[in-house]
Each structure stands twice: as structure tokens, then as C-alpha cells.
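Undergrad: sharing a model prediction with you, sequence too.
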Amino acid sequence: MSEPQEIEKTATAYASNAIESEKHGEVAKAISLYQKAIECLNQLIQRYPEHRFSKIYNEWVAAYEERISTLQKANAKPKKPPVESQEPTEKPPFKKESSVDLASILLEINRKLDDMAASIAQLKDDIVNLKVNVNDAAGKSELAAKEVAEIRNLVYAIKYDR
């Protein structure tokens, strides 16, 4: 694995661990892991500025910085003292975060998956065509060898008859 791939893999691991930390409510740890992912990506961008994924790495850095900012803002909000009421308080089963637009993310993921599926289908077609061409060439190779030998004999005959 090349060095850019290793650095990208490390950054991705940090980001994945940050997401897991968020899920477990470990905001400080998540922020730290996002910062490490950003450091790795910035290192990658600096070392390999002409790398074909540099634009994507910059987008990831921006997304991680935005996520850090969101986590810091959410963590910095003063907590209100609990108000005692006669009504039982129930939390909704899912808490929607206003800072993350999941619908657009899912649409983008689905679009990329569709693109990948189309590319895979095209590759399968190309492989089938290649197999057919190879099989045709293999089947015709004996006949072609005979024809080449005949042509070579004719060329020699013409060349040395003169």
C-alpha cells in the first residue's frame, strides 16, 4: 500500500472512531479524533498536492471542521436546570440534529452507489467481450498460424525468385 493510501486509511480510521465516540456521547474524544483525522488529511494534501483526490480530502477537512464546530457549540450550551412538572417526560425515540442534513447525505451516497453499480456492470460487459475476443483468437490461432506460414512462404518465394 502506498504512503498516500496509508495516510488516508489512518485519517478514515480516526473519523470512524470519532463517529463511534459521538454515538456513545464522548464528545471530547470525538473532537480529538476529528482533529487527528484533519491533521492526517492536511499532511496528505501538503505532501501530495497533485494527488487526484486532493479536492476530496479538502472537502473532508471542511466537513470535519464543521462537525467539530457543531459539537463544540452543542457541548458549550448551558444546561437548563430540570423543571419539575406533573407530566411524565418522555424522550422521542430519535433525536434529530439540525446541523446534519441526512437526506442530502443519503441522496449523495445513493447516487454514488448507482454510479458504482453502473461502472461494475460496464466492467462485467467489457470482461465478457474480452473473453469472447480471447476465445475467438485462441480458436483461430491454429488457422492464423497456417495462414501466416503460407504468406511467409509466398514472400520468401517472391523475394528469392527475383
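TA: Done, it's in.

Undergrad: looking at it, E8 is touching I45, isn't it?
TA: No: contact criterion Cβ atoms under 8 Å: E8 and I45 do not qualify, at 10.8 Å. C-beta here means a position set from N, CA and C on the backbone, and glycine is covered the same way.

Undergrad: residues shared between the contacts of the two?
TA: With contacts taken as Cβ atoms under 8 Å, 6 or more residues apart in numbering, E8 and I45 have Y57 as neighbours in common.

Undergrad: just give the nearest non-adjacent residue to N75, would you?
TA: If the residues on either side of it in the chain are set aside, N75 comes closest to V27, at 4.9 Å by Cβ to Cβ, 6 or more residues apart in numbering.

Undergrad: which ones are touching that neighbour?
TA: So V27 contacts S21, L71, A74, N75 (Cβ under 8 Å, 6+ apart).

Undergrad: mind putting those residues in a markdown table, pLDDT included?
TA: Formatted as a markdown table, the entries for those read as follows, by pLDDT from 0 to 100:
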| residue | pLDDT |
| --- | --- |
| S21 | 91 |
| L71 | 89 |
| A74 | 84 |
| N75 | 78 |
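
Undergrad: all strands for the chain, in order.
TA: Listed in chain order, the strands found in the chain under DSSP state E amount to none.

Undergrad: what packs against the helix ranked longest in it?
TA: Using DSSP state H, we find that the single longest helix of the chain is helix 102-161. The contact analysis (3 or more Cβ pairs under 8 Å, 6 or more residues apart in numbering; DSSP states H and E) places helix 102-161 against no helix or strand.

Undergrad: quick check: mean pLDDT of it?
TA: The predicted model assigns helix 102-161 a mean pLDDT of 78.

Undergrad: return the distance of that helix from the chain's centre.
TA: Average the C-alpha atoms of helix 102-161, do the same for its chain, and the two points are 28 Å apart (Cα atoms, centre = their mean, to the nearest Å).

Undergrad: just the buried residues of stretch 11-26, please?
TA: The neighbour-count criterion (16 or more other Cβ atoms under 10 Å) identifies A11, Y14, A15, N17, A18, S21, E22 as the buried residues of stretch 11-26.

Undergrad: out of the residues you listed, which is nearest to E142?
TA: A11 (54.8 Å; Cβ to Cβ).

Undergrad: so what's that closest one up against?
TA: With contact set as Cβ under 8 Å, 6+ apart, A11 has these partners: K36, A37, I38, C40, L41, L44, W60.

Undergrad: I appreciate the help and will end here.
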